[in-house]
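Engineer: Sharing a model that was predicted from the sequence below.
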Amino acid sequence: MSSVLPSNVWLFLHRWFGVLMAVFLFLAAVTGSVLTARATLDRWINSDLMVYSGAVEDRIDAIEAVSLFEAQNPDIQVVEFPLNPHQNENIPLKVVPKPGQDALDFDEVFIDPVSGTLVGTRSTQAGLSGRQFIPLLLGFHENLLLGNSGRIFLGFIALGWLLTSLIGLYLTFPKRGPFFRKWKSAWTYSPKRRFARQMLDIHQASGLWLFAFVVIVAFTSVALNFFFEFWAPFAETIAPTGDSYFDQAVLFPEGVQPDLSFQDALGRTREQIEAAGVSWQPATMLYYPDWNLYGATLTDNGVLNYKALGPIYYHFDGSSGAYIQQVNPYDDSTGLALMRSVYPLHSGEVGGPVTVFIVFLTGLATAEMCVTGIWVWLKKRGPRIAAKKKRLAADNQSDA
């Protein structure tokens, strides 16, 4: 075994885990960092769709604007929109064709917040146009644009990232002497050292200072990529979430027309909020055509966000308005809380802008560690190969 593995097996594993996954981890880390600012970036690229330049006082309630749009476009079914869009933005709507209508070549529209008239449309499928740049970036980050096989592949990359991060921490521990006094040097960087040592210092120090965040993002990457294969069953084992309305077969596979309107559903939502004594406010309205259900998300500020465990959901029957269920990770089982925790932690939205910025830095640091790790490996590879050849030659001479 000693001729195959070096004496420090952990160094061997850290080195080769890093080498084998460096390129893919670098790409995932960079795209992840960029995606922390995806809303701002999308708004900048597609300002003609998103930006409202009229007078703020002329705006009407979003739900009234949506009603006007629906009246003007009877063949289109709105399935999601925000109730409290930014005052300087048009209103984005997710849409599908109504039952029996031809397929649409778009799934998102933007409407004027004064008249409800159409400003523009786009497909949220990945593409090379500016309209589809953010979906392209998101798809690449999630599965390399390879669908399910890409997701599984990146899941194993994330698992390797988690393991090599833990091994990397262990490798910074001093082998002997006063532990903390010697370990302190691994946390530092000095520009006065030779360049090769600076690369190693940057690699080590960035990993140590951001270790907790790297492990969180790496672990949640594993959980998200293997959500249905691993994380959801694990959470259910810890604490079952109970039956959901969506556990049954789809009720209306061809879609159906609701008898109620979004306005009716919002009224039912507010009644339910008052009855439950909930302090959160409606943020977005939803409609599920294949279930004939209306839904509403509730957040602390009336704007969709994923602080803590994300929004609460209410669902109502689209014909009778009957209250069907809530999805509330704050007072349901621990299993649901575990399921709902991974995205807010992974995106950084769990604590608002500060934690989003930390995730942005963690992505950049991970990309840097890929670069510096490969640089250190290449720098030491030549001497290692030369030493190995010298040792083999000496062994051959002794055998002769």
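Structural biologist: Nice, thanks for sending it over.
Engineer: count of residues packed around the residue nearest to Leu68 when sequence neighbours are not counted?
Structural biologist: Nearest non-adjacent residue to Leu68, counting by C-beta to C-beta, 6 or more residues apart in numbering: Gly116, 2.9 Å away. Placement of C-beta: from N, CA and C, glycine included. By other C-beta atoms under 10 Å, the residues close to Gly116 number 21.
Engineer: all strands of this protein, in order?
Structural biologist: Taking DSSP state E, the strands of the chain run over residues 76-82, 91-97, 108-111, 118-122, 281-288, 293-299, 312-317, 323-327.
Engineer: Name the strands paired with the fifth one and say parallel or antiparallel.
Structural biologist: In other words, strand 281-288. Strand 281-288 pairs in its sheet with strand 76-82 (antiparallel), strand 293-299 (antiparallel), by DSSP bridges.
Engineer: for those, which one sits closest to Arg340?
Structural biologist: Arg340 lies closest to strand 293-299 among the strands paired with strand 281-288, at 12.5 Å (C-beta to C-beta).
Engineer: rewinding a little: isn't the residue nearest to Leu68 right next to Phe81, touching?
Structural biologist: No - with contact defined as C-beta atoms under 8 Å, Gly116 does not reach Phe81; the gap is 11.1 Å.
Engineer: Touching both of the two, which residues are there?
Structural biologist: Val66 (C-beta atoms under 8 Å, 6 or more residues apart in numbering).
Engineer: out of the strands of the chain, deepest packed?
Structural biologist: Neighbour counts averaged per stretch over the strands of the chain are highest for strand 293-299, at a mean of 23; criterion: mean count of other C-beta atoms under 10 Å.
Engineer: Work out the gap between it and the centre of the chain.
Structural biologist: Offset of strand 293-299 from its chain centre (C-alpha atoms, centre = their mean, to the nearest Å): 21 Å.
Engineer: That one vs strand 323-327, what angle?
Structural biologist: Going by axes from the mean of the first three to the mean of the last three C-alpha atoms, to 10 degrees, strand 293-299 is angled at 40 degrees with respect to strand 323-327.
Engineer: Please renumber the chain so that the first residue is 39 from this point on.
Structural biologist: Yes, from this point I'll number from 39; that puts the last item at strand 331-337.
Engineer: tell me the mean pLDDT for strand 331-337?
Structural biologist: Per-residue pLDDT over strand 331-337 has a mean of 98.
Engineer: Could you do stretch 304-319 as well?
Structural biologist: For stretch 304-319, the mean confidence score works out to 96.
Engineer: Contacts for it, please.
Structural biologist: With C-beta under 8 Å, 6+ apart as the test, stretch 304-319 has contacts from 101, 121, 320, 323, 332, 334, 336-340, 350, 352, 354, 359, 361, 364.
Engineer: ditto for stretch 256-274
Structural biologist: 66, 189-190, 192-193, 196-197, 199-200, 203, 279, 372-374, 376-377, 380-381, 383-384.
Engineer: rerun that using 7 Å as the cut-off
Structural biologist: 189, 192-193, 196-197, 199-200, 203, 373, 376-377, 380-381, 383-384 (C-beta atoms under 7 Å, 6 or more residues apart in numbering).
Engineer: ok, those vs Val47, which is closest?
Structural biologist: Within these, proximity to Val47 (C-beta to C-beta) peaks at Ser203, which comes in at 17.0 Å.
Engineer: give the contact list for that closest one.
Structural biologist: Neighbours of Ser203 in contact, by C-beta under 7 Å, 6+ apart: 252-253, 256.
Engineer: Reformat those residues as JSON lines; add pLDDT.
Structural biologist: Shown next, in JSON lines, are these (pLDDT from 0 to 100):
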{"residue": "Val252", "pLDDT": "98"}
{"residue": "Val253", "pLDDT": "98"}
{"residue": "Ala256", "pLDDT": "98"}
